[in-house]
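> Pasting the sequence and the predicted model now:
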Amino acid sequence: MSLLRFLGIEAKNEDRKTGETATVRAIASRLERLDPELSRFLAGFAYVLARVANADLEIAGEEADEMRRVVHELAELGSEETDLVVEIAKSQARLLGGTENYVVTREFREHSTRPQRVKLLECLYAVAAADGTISGPESGEIRAIAEELGFTRAEANAYRSHYRDKLSLLRRKAK
């Protein structure tokens, strides 16, 4: 199932696309019991987290663990369902990253409240910093996402300042 279809953006009766794996379909089908609005929200939230984690072309184990923690707290899902949501998001970010990033983030913005977008921005920094450093590509991706979510540069920088010691660019300058 493509993320757009999972989010309800594509028509549900659309033929399955090539590249869709049986594993992703099986994982997605396990989430059908969730409320459609919650599913849409979680899918968008988790995908954007995975977008940042994958910005440097690697999702570190610590980043995946932080994604699980965030999704679990956000939706109060069981550990198995939390793992499924995170695995779908990671898989989609790796497979479709550049093609769906803006669309999914825009849809999240349109279907979320400002406090939900603030929570996402805070979680983006937490996921990026989970492995001990926020790389240049991760920082740049968060900046782009913040803009797509409607935050000013000053607002995004205010959240970024909480993670100043994790920014790889600033760590190199301090040495």
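Yes, it's here.
> just the helices in this structure please.
3-6, 22-29, 36-53, 61-75, 79-110, 114-129, 136-148, 153-160, 168-174 (DSSP state H).
> Tabulate those (JSON lines), appending mean neighbour count and mean pLDDT.
All C-beta atoms are positioned from the backbone trio N, CA, C, and that covers glycine. Shown next, in JSON lines, are the helices of the chain (neighbours: other Cβ atoms under 10 Å; pLDDT from 0 to 100):
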{"stretch": "helix 3-6", "mean neighbour count": "22", "mean pLDDT": "56"}
{"stretch": "helix 22-29", "mean neighbour count": "14", "mean pLDDT": "55"}
{"stretch": "helix 36-53", "mean neighbour count": "23", "mean pLDDT": "87"}
{"stretch": "helix 61-75", "mean neighbour count": "18", "mean pLDDT": "93"}
{"stretch": "helix 79-110", "mean neighbour count": "18", "mean pLDDT": "87"}
{"stretch": "helix 114-129", "mean neighbour count": "20", "mean pLDDT": "94"}
{"stretch": "helix 136-148", "mean neighbour count": "19", "mean pLDDT": "94"}
{"stretch": "helix 153-160", "mean neighbour count": "14", "mean pLDDT": "90"}
{"stretch": "helix 168-174", "mean neighbour count": "11", "mean pLDDT": "49"}
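> State the distance from residue 152 to residue 142.
Distance from residue 152 to residue 142, counting by Cβ to Cβ, to the nearest Å: 14 Å.
> Tabulate the CA atom coordinates of stretch 127-145 in CSV.
This file holds the C-alpha atoms of stretch 127-145, laid out as CSV (Å, rounded to 0.1, in the frame of the first residue of the first chain):
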residue,chain,number,x,y,z
VAL,A,127,14.6,11.7,16.4
ALA,A,128,17.5,13.4,14.5
ALA,A,129,19.4,13.8,17.8
ALA,A,130,18.7,10.2,19.0
ASP,A,131,22.0,8.9,17.7
GLY,A,132,24.0,11.6,19.4
THR,A,133,24.3,14.1,16.5
ILE,A,134,22.1,16.0,14.1
SER,A,135,23.8,15.8,10.8
GLY,A,136,23.8,18.6,8.2
PRO,A,137,21.3,16.7,5.9
GLU,A,138,19.0,16.1,8.9
SER,A,139,19.2,19.7,10.0
GLY,A,140,18.4,20.9,6.4
GLU,A,141,15.5,18.4,6.1
ILE,A,142,14.0,19.7,9.4
ARG,A,143,14.4,23.3,8.1
ALA,A,144,12.5,22.3,4.9
ILE,A,145,9.8,20.5,6.8
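> Could you tell me how far it lies from the centre of the chain?
12 Å (Cα atoms, centre = their mean, to the nearest Å).
> Any figure for the gap between residue 133 and residue 118?
Separation of residue 133 from residue 118 (Cβ to Cβ) stands at 23 Å.
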